[in-house]
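> here's my sequence, what's the structure:
(one chain, ligands or ions: 1)
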Amino acid sequence: MCRPTHYTIAYEINPWMRLTRQTAHDAARRQWQQLYRLLTHRLRARVRLIRPVRGLPDLVFTANAGLVADGVLIRSNFRFPERQGEEAVVEGYFQRHGYQIVRLPRRVNFEGEGDAVWIGSTLLLGFRFRSDATVHERLGRLLRCEVLPVELRDQRFYHLDTCFCPLGPTSAVWYPRAFDRYGCRVIASRVPDTIAVSEADALRFCCNSLVIGRDVVMPAGVSNSLTRRLGRRGWVVHEVELSEFLKAGGAAKCLVLRLT
Ligand code: ARG
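Modelled structure (predicted):
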């Protein structure tokens, strides 16, 4: 994770970001701290921190830094120049911590865990707005796994982790309307147990949740009916207020990058 010391809305690269809708710094810091405490205290997760860098406000969304597997970081190539400065910072961090770094060819865009989401041993790759479909072949070769590319079609859900959230190897929470017909078919055939959410819940970033064991860390504000549905299936839902991060188009899941 990365503290939101320099987090702000400095540019507009997705429909959520408005220079005129600034973040409240103290609130952002409090919200991030609550998430951090929940993860480290209640859920006993081990969290490492990357140092915030002035001028890189979106570095807080560490999920976009790359994809980590077995001591290897497949480093992101950000679509927008506004975020490309994060690449060297992330690379330096992982190098210092003993990871092997894999860089993709410069012309291929890839935004890490934002678009690459594991469902069991299959990697689902969301493409179009941020990551390129062509990266799927390379990811498959590097990770020796099946990679299924699915196209995203709604700008508001520009990363796969904004509209698809696996709850285990065979089930997921998702917002079907963020995908085209083919994508819906791929997901339906691969994930037998899906929970489709309403547009209102999707816009609250319910799919941008962190799943740790049976615990689901969800941005606050989603409907009771969704949290009840999850509760009935045995999931323990923890809501965290993350409104300041929604202003940049992110929530719980993208504030964290998985190291294992
Ligand atoms: N402002 C950031 C961007 O547009 C937000 C990234 C949120 N990350 C995510 N995985 N959804 O790139």
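> list the residues that contact the residue of the stretch 1-150 of the chain found nearest the ligand.
Closest approach between the stretch 1-150 of the chain and the ligand, counting by Cβ to the nearest ligand atom: Gly114, at 3.3 Å. The way it works is simple: take the backbone N, C-alpha and C, and place the C-beta from them, glycine included. By Cβ atoms under 8 Å, 6 or more residues apart in numbering, the residues touching Gly114 are Phe61, Ala63, Asn64, Gly126, Arg130, Ser131, His159, Leu160, Asp161, Cys254.
> and if you look at Leu67?
Neighbouring residues of Leu67 by Cβ under 8 Å, 6+ apart: Leu73, Ile74, Gly112, Glu113, Ala116, Leu139.
> in a helix, the fourth one, correct?
Yes. Secondary structure of Glu113, determined by DSSP: H, G, I helix; E, B strand; the rest coil: located in a helix.
> what's the spacing between the nearest residue to Thr122 once chain neighbours are set aside and Gly120?
Nearest residue to Thr122 in three dimensions, chain neighbours excluded: Glu146, at 4.8 Å (Cβ to Cβ, 6 or more residues apart in numbering). Going from Glu146 to Gly120 by Cβ to Cβ, to the nearest Å gives 10 Å.
> swap in Leu56?
Leu56 is 34 Å from Gly120, by Cβ to Cβ.
> burial of Arg229, as a residue count?
A count of nearby residues for Arg229, using other Cβ atoms under 10 Å, gives 15.
> what does the stretch 51-200 of the chain put close to the ligand?
Contacts of the stretch 51-200 of the chain with the ligand, taken as Cβ under 6 Å from any ligand atom, map to Asp58, Phe61, Ala63, Asn64, Arg83, Gly114, His159, Asp161, Thr162.
> tell me the secondary structure at the fourth one.
Taken by three-state DSSP, the conformation at Asn64 corresponds to helix.
> where do the strands of the protein begin and end?
66-69, 72-75, 100-102, 116-119, 122-127, 146-151, 164-166, 171-174, 193-196, 210-212, 215-219, 236-240 (DSSP state E).
> export the ones you listed as CSV, with columns for distance to Arg42.
CSV is the format used below for these (distance: least, Cβ to Cβ, whole Å):
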stretch, distance to Arg42
strand 66-69, 24
strand 72-75, 28
strand 100-102, 33
strand 116-119, 24
strand 122-127, 29
strand 146-151, 33
strand 164-166, 20
strand 171-174, 21
strand 193-196, 24
strand 210-212, 10
strand 215-219, 8
strand 236-240, 7
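> gap between the spatially closest residue to Tyr182 that is not a sequence neighbour and Arg233?
Closest residue to Tyr182 in three dimensions, ignoring its sequence neighbours and counting by Cβ to Cβ, 6+ apart: Glu151, at 7.1 Å. When Cβ to Cβ is applied, the distance between Glu151 and Arg233 equals 29 Å.
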